[in-house]
Structure formats: C-alpha cells, structure tokens
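Chemist: pasted the sequence and its predicted model underneath.
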Amino acid sequence: MTDLAHNPLGGLPDKRQVAASFSRAAQSYDSVAALQRNVGQQLLGQLPAAINPARWLDLGCGTGYFSRALGERFPISQGVAVDIAEGMLQHARPLGGAQQFIAGDAERLPLQSASCDLLFSSLALQWCADFSAVLSEAARVLRPGGVLAFSSLCVGTLQELRDSWQAVDGFVHVNRFRRFEDYQQLCGDSGLTLLSLQTTPETLYYPDVRSLTHELKALGAHNLNPGRPGGLTGRARMLALLNAYEQFRQPQGLPATYQVVYGVLRKG
C-alpha cells in the first residue's frame, strides 16, 4: 500500500483484507455479479476493432468469467489471469479460459516486461491505492502497440447508501473511491496514449436495504475501509438506516448507483 499521505482517497483497505474478503466470496460471487458481467461486456466492446493479441492478461480476474470470454474471443492467443485473492484463483483455474492463473498485485505485476499485447481489467483497480503504479506496471508489461482496457469505479458510487449512513451516524460505512478527475490526470500523465476515458452511471434496484447489503457481502465488496466502525450495528442504527434509505425509493425499488469509469490506452 502507498503511504496514506500520498493517497488521494484518504485510506483504502489493506490488500490482505481485500484478498481475504474476495477469497471468501469466491463461491457466491457469480450468483450476484450481474453488474460486473454487464460492465465487463461493455469494456470488451470498447477494445480496438483490429486488436489480435498473441498474449493477453486478465488483471483482477476474479472467478475467471472474463478470462473465459477472452479465451473464446482470442482462441489462438495465450492467456494469463492474475488476481490478488487466492480463493478466486482456486475457483477459476478448473474452469479454464487462460493458460496460467497467477496470484499477483496490480501495482507489482509478476510478469516480464514487454510480455503482453492486451491488459484487460474490469472492476478490480478501484481497490488499488496507487493507480499511477498500476499504469506504470501496465506500460512495463505491454509490448509496443499494446492496449490497456480497464473499468473501475469513481466517486458517486453507492452515494445513496453513503448519504443514508451519513444521516444516521456520520461514520464511513461505504468504500471510498477515486475521483474521475484523478483518473483523467493519472492517465494523462502515464506516458500511454489515451484512446478513450469516460464515466457512465449504472443503477441497480433492490426491494430493500438488506438485499443490497447481502449482495455487497456476497461480492466481497462490503465496507473494507480502514477506520470503519467496529462491532455489531445496533438495531436502532439499522432501523434509522432503513428509514433514511427509504427517502431514495423509486417505483423500481431502492436505487444503488455505480459510477463506472471506462478507459482504453495504448502503448507507444
């Protein structure tokens, strides 16, 4: 992790905690990952039309859903899947898609320089405190002409839940995310050629708050912030949260908005 003094997010979860949380969620993840699948498909659609990588990397591969999609799209390519969570890799390996499944950190990739033509990463890099290191590593492992395509999350994600908790007790119960302006600056300073960068809101609807919080836990993406309140959430606070979130209710249900960042960059 980077020193918090250099972290614009004011503290992200410890990587060991992130790895453990997502490892625990490996068996339940795919059952509640509709947003993740939709975002990944959108990202696949943004790849340059002529791209035909000899070797691709699925960074933050999770259960391997998009490793298998990449394997189908590029059947004669060699695929490498990397994730920080060993539990996810154990789930993904038997399902195939990539030739190698490796435990690794996006900020220190366990790959040789100039060894990949495509680095694909969907909804994983929001957990990295040092995004400039992620971009530097991408530039290192990509061959000239290689492409980095990523999706991530920025400020505004789960804002309804954040605002509801703020009304209850003022503590941080929702994961922090980088500002879109930070993505713009860091990508611009990366030395890679920026082909596209935009943010798109995606809103899911739930019958009640418990359905949302259950899904976040099943994804391994519940509150992992350092300094989060400890102990059980009292009944009175939970009732206050339910009442606060009801102010956001729409005909479709209770909204949970994700601000999704899509970026495509090319080396050299």
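Modeler: Received, thanks. Because the structure is predicted, anything quoted here is derived from the model rather than measured. Residues are numbered from 1 along each chain as shown.

Chemist: got any ranges where the chain has weak pLDDT?
Modeler: Scanning the chain with the threshold set as pLDDT under 70 gives 1-33, 219-233.

Chemist: let me see the ranges of the helices in it.
Modeler: 15-24, 26-29, 34-45, 65-73, 86-92, 131-141, 159-168, 180-188, 209-219, 235-246 (DSSP state H).

Chemist: of all the ones you listed, which lies closest to residue 263?
Modeler: Nearest of these to residue 263, taken as Cβ to Cβ: helix 180-188 at 6.0 Å. Using the backbone N, CA and C atoms, a C-beta is placed for each residue, glycine as well.

Chemist: what residues sit buried inside the closest one?
Modeler: In terms of neighbour count (16 or more other Cβ atoms under 10 Å), helix 180-188 has its buried residues at 180, 182, 183, 186, 187.

Chemist: make a markdown table out of these and add distance to residue 98.
Modeler: Listed next are the buried residues of helix 180-188 as a markdown table, based on distance: Cβ to Cβ, whole Å:
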| residue | distance to residue 98 |
| --- | --- |
| 180 | 30 |
| 182 | 30 |
| 183 | 27 |
| 186 | 27 |
| 187 | 26 |
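
Chemist: how near is the residue lying farthest from the centre of the chain to residue 169?
Modeler: What lies farthest from the middle of the chain is residue 236; by Cα atoms, centre = their mean that is 32.3 Å. Relative to residue 169, residue 236 is positioned 10 Å away (Cβ to Cβ, to the nearest Å).

Chemist: redo the helices of the chain as TSV? Include distance to residue 264.
Modeler: Shown next, in TSV, are those (distance: least, Cβ to Cβ, whole Å):
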stretch	distance to residue 264
helix 15-24	25
helix 26-29	25
helix 34-45	8
helix 65-73	15
helix 86-92	24
helix 131-141	12
helix 159-168	26
helix 180-188	10
helix 209-219	25
helix 235-246	35
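
Chemist: residue 206 is in contact with residue 216, isn't it?
Modeler: No. Here residue 206 does not reach residue 216: they are 10.5 Å apart, not a contact under Cβ atoms under 8 Å.

Chemist: how close does the residue lying closest to residue 189 once chain neighbours are set aside get to residue 243?
Modeler: Nearest residue to residue 189, sequence neighbours excluded (Cβ to Cβ, 6 or more residues apart in numbering): residue 132, at 7.3 Å. Computed as Cβ to Cβ, the residue 132 to residue 243 distance reads 41 Å.

Chemist: these two: which is more packed in?
Modeler: Using other Cβ atoms under 10 Å, the more surrounded residue of residue 132 and residue 243 is residue 132, with 17 against 13.

Chemist: which residues touch the more buried one?
Modeler: 186, 189, 190 (Cβ atoms under 8 Å, 6 or more residues apart in numbering).

Chemist: now residue 149
Modeler: If you count contacts by Cβ under 8 Å, 6+ apart, then residue 149 has 43, 46, 47, 118, 119, 120, 121, 263, 264, 265 around it.

Chemist: go again with 7 Å.
Modeler: Shown in contact with residue 149 (Cβ atoms under 7 Å, 6 or more residues apart in numbering): 43, 46, 47, 120, 264.

Chemist: so which of the residues you listed sit within strands?
Modeler: 120, 264 (DSSP state E).

Chemist: what would the contacts of residue 149 look like in CSV with distance to residue 67 and neighbour count?
Modeler: Output for the contacts of residue 149, formatted as CSV (distance: Cβ to Cβ, whole Å; neighbours: other Cβ atoms under 10 Å):
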residue, distance to residue 67, neighbour count
43, 13, 21
46, 18, 15
47, 15, 16
120, 9, 27
264, 19, 20
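
Chemist: which of the contacts of residue 149 lies closest to residue 71?
Modeler: Once Cβ to Cβ is applied, the member of the contacts of residue 149 that ends up nearest residue 71 is residue 120, at 11.4 Å.

Chemist: separation between that closest one and residue 109?
Modeler: Counting by Cβ to Cβ - residue 120 and residue 109 are separated by 13 Å.
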